[in-house]
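1. With the sequence up front, the predicted model follows.
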Amino acid sequence: MNIKKIIPFILIFALTACSDTPKKNVPKKDGVRQETTLDENDMIGASKTEPSANHPPVEAEQVREKKEKFAGMADTAESLAMIAEAPVRSMSIANTAAPQPQPEWNTESYNALQENGFISTANDPLSTFSIDVDTASYSNVRRFINEGKLPPKGAVRIEEMINYFSYDYPQPDKEHPFSVTTEVGPCPWNDSRKMVRIGLKAKDIDKKDLPPSNLVFLIDVSGSMSEQNKLPLLQKSMKMLAKQLGGNDRISIVVYAGHDHVMLPPTSGSEQQKIITAIEELGAGG
């Protein structure tokens with residue numbers, strides 16, 4: 001016998017033997033199989049008949065098992081759907097969350113203050129100092145105080161605070177380009193020391209005798225310049241400068257943020273309104 005023909009029958013037998021479907025007890029009489037035929041009314045009545053010992057509720061148990069199986073599958077599907085939606089829900093919650101406030105960056109920096117040590121003039125009688133007039137420190141310190149804050153030590157530059165004010169020093173004579181005024185007094189914090197003030201006065205030149213000026217300004221108009229003590233303050237200063245320009249002077253303005261742009265081509269100082277209009281059109285952004 002060909003074994004290939006036997007294998008299908010073996011599989012059918014194995015599947016039939018392993019089936020877990022309960023079989024009905026078919027009553028037999030005298031070794032002869034007896035079949036019972038029910039009409040429609042009998043089937044309806046049988047479905048309404050309560051289960052008893054002679055009639056076990058096989059169909060009812062199968063229906064209940066199927067319902068429980070389908071209910072379990074539905075619960076599993078719902079759980080899988082919730083798991084699948086979890087990332088989307090978390091993203092929507094994250095999108096609707098209140099934005100975190102951005103920290104304020106402090107772009108100001110100052111060099112550490114280095115105090116000058118004591119120098120004995122017997123060993124080192126020479127001393128040099130610059131004669132340029134820087135006055136920014138006084139205005140900067142005043143800004144900190146007006147804001148209710150103490151200025152950093154590096155922002156307090158003594159020479160710039162002294163040079164901020166005007167002094168009635170005498171004009172130099174015709175032979176010298178500047179005059180020197182000195183004064184000696186007691187030291188407030190050390191009685192054994194003396195303080196010396198040295199004042200220099202350069203010669204005042206009449207504006208009509210000044211040589212022509214060609215002023216070119218490169219101005220940052222990015223978004224960080226929008227504060228009142230930056231670009232708006234610069235505009236006020238440039239308006240004051242424009243009013244002091246003469247007809248022989250030239251002024252140009254170039255701005256940059258994302259890109260550079262010529263805001264004012266070389267313009268004569270006599271065109272006051274054109275210069276002031278260009279200054280007023282400056283705006284921070286980008």
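-> That came through, no problem.
2. Now tell me what touches stretch 153-163 from outside.
-> Stretch 153-163 is touched from outside by 110-113, 133-138, 140-141, 144, with contacts defined as Cβ atoms under 8 Å, 6 or more residues apart in numbering. Backbone N, C-alpha and C define where each C-beta goes, glycine included.
3. let's see 6 Å
-> Residues outside stretch 153-163 that contact it (Cβ atoms under 6 Å, 6 or more residues apart in numbering): Y110, N111, L113, V133, D134, T135, A136, S137, Y138, N140, V141.
4. Mind checking which of the residues you listed are in helices?
-> Residues of the contacts of stretch 153-163 located in helices (DSSP state H): A136, S137, Y138, N140, V141.
5. Taking these, please make a ChimeraX selection of just the buried ones.
-> What follows is the ChimeraX syntax for the buried subset of the ones in helices among the contacts of stretch 153-163, where burial is set by 16 or more other Cβ atoms under 10 Å:
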select :137,138,140,141
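6. What ranges does the stretch 151-286 of the chain have for its strands?
-> Read by DSSP state E, counting those that start in this stretch, the stretch 151-286 of the chain holds these strands, from start to end of the chain: 178-187, 190-202, 214-220, 250-256, 260-268.
7. by contact count, what packs against the fourth one?
-> The helices and strands touching strand 250-256, judged by 3 or more Cβ pairs under 6 Å, 6 or more residues apart in numbering; DSSP states H and E, are strand 214-220, strand 260-268.
8. Generate a markdown table for the ones in helices among the contacts of stretch 153-163, with distance to G223 and pLDDT as supplementary columns.
-> As requested, those are exported to a markdown table (distance: Cβ to Cβ, whole Å; pLDDT from 0 to 100):
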| residue | distance to G223 | pLDDT |
| --- | --- | --- |
| A136 | 24 | 88 |
| S137 | 27 | 91 |
| Y138 | 29 | 93 |
| N140 | 22 | 90 |
| V141 | 27 | 94 |
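9. I'd like the ones in helices among the contacts of stretch 153-163 laid out as JSON lines, including distance to Q244.
-> JSON lines is the format used below for the ones in helices among the contacts of stretch 153-163 (distance: Cβ to Cβ, whole Å):
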{"residue": "A136", "distance to Q244": "19"}
{"residue": "S137", "distance to Q244": "24"}
{"residue": "Y138", "distance to Q244": "21"}
{"residue": "N140", "distance to Q244": "24"}
{"residue": "V141", "distance to Q244": "26"}
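10. How is this structure divided into domains?
-> Per the TED database, the structural domains of the chain span 129-165, 168-204, 207-285.
11. could I get those domains as CSV with distance to S120?
-> Formatted as CSV, the entries for the domains of the chain read as follows, by distance: least, Cβ to Cβ, whole Å:
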stretch, distance to S120
domain 129-165, 18
domain 168-204, 12
domain 207-285, 43
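12. closest to T121 out of those?
-> Between T121 and the domains of the chain, the tightest spacing by Cβ to Cβ is seen for domain 168-204, at 10.4 Å.
13. Only the buried residues of that closest one, if you could.
-> P172.
14. Check what contacts stretch 243-256 and list those residues.
-> Surrounding stretch 243-256, the residues in contact under the criterion Cβ under 6 Å, 6+ apart are 212-219, 221, 261-264, 266-270, 278.
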